[in-house]
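Trainee: Sequence and computational prediction follow.
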Amino acid sequence: MYGTLQPGDVRWHFLEPFVVDEGWADTTPGQVFDTGLGYPGAQFDSTSSSAVIGRAYALLESSISQCLEVLDAEEGTVGGDYRRIAITTAKGVRAWAYQYGGGLELTPIESGNWFER
């Protein structure tokens, strides 16, 4: 997770009930953007020299479908046409992430870290 679903941000409470541990810092190729609306957008690109910085979490096997349903619904409430995609992190973990789809003016976050904007 690279944005508001991280601990300490406004949407963490949607993800927290489904995680099994503290997670781990991880990255994936792509770019993070500030939407100007209090939440980020990211575009993932395996050929990018930039990195999206965040945390990855293992989820409870018994409730992955429920978790994704909750997160899909929440991500659908904001502008930016976000969609869930499968990515591979720098640590080789296959994960779900929400990719920005368009419609907003974006400012690149050069650090790749939403918390360092």
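Mentor: Structure received.

Trainee: Next secondary structure after the lengthiest helix in the chain?
Mentor: Scanning the chain for the helix with the most residues, using DSSP state H, yields helix 64-75. Sequence order places strand 83-88 as the next helix or strand after helix 64-75, per DSSP states H and E.

Trainee: now for the helix or strand following that next one, which elements pack on it?
Mentor: Going down the chain from strand 83-88, the next helix or strand is strand 94-99, by DSSP H and E. When contacts are defined as 3 or more C-beta pairs under 8 Å, 6 or more residues apart in numbering; DSSP states H and E, strand 94-99 sits against strand 40-44, helix 64-75, strand 83-88. For every residue, glycine as well, the C-beta is placed using N, CA and C.

Trainee: ranking those by burial, who's on top?
Mentor: Highest mean neighbour count among the helices and strands packed on strand 94-99 (mean count of other C-beta atoms under 10 Å): strand 40-44, with a mean of 22.

Trainee: just to revisit the earlier point, can you give me the mean pLDDT across the longest helix of the chain?
Mentor: Average pLDDT, helix 64-75: 96.

Trainee: now do stretch 84-97
Mentor: According to the model, stretch 84-97 has a mean pLDDT of 95.

Trainee: Touching that stretch from outside, list them.
Mentor: With contact meaning C-beta atoms under 8 Å, 6 or more residues apart in numbering, stretch 84-97 is reached by 1-2, 24, 26-28, 42, 44, 46, 51-52, 56, 68, 71-72, 75, 98-99.
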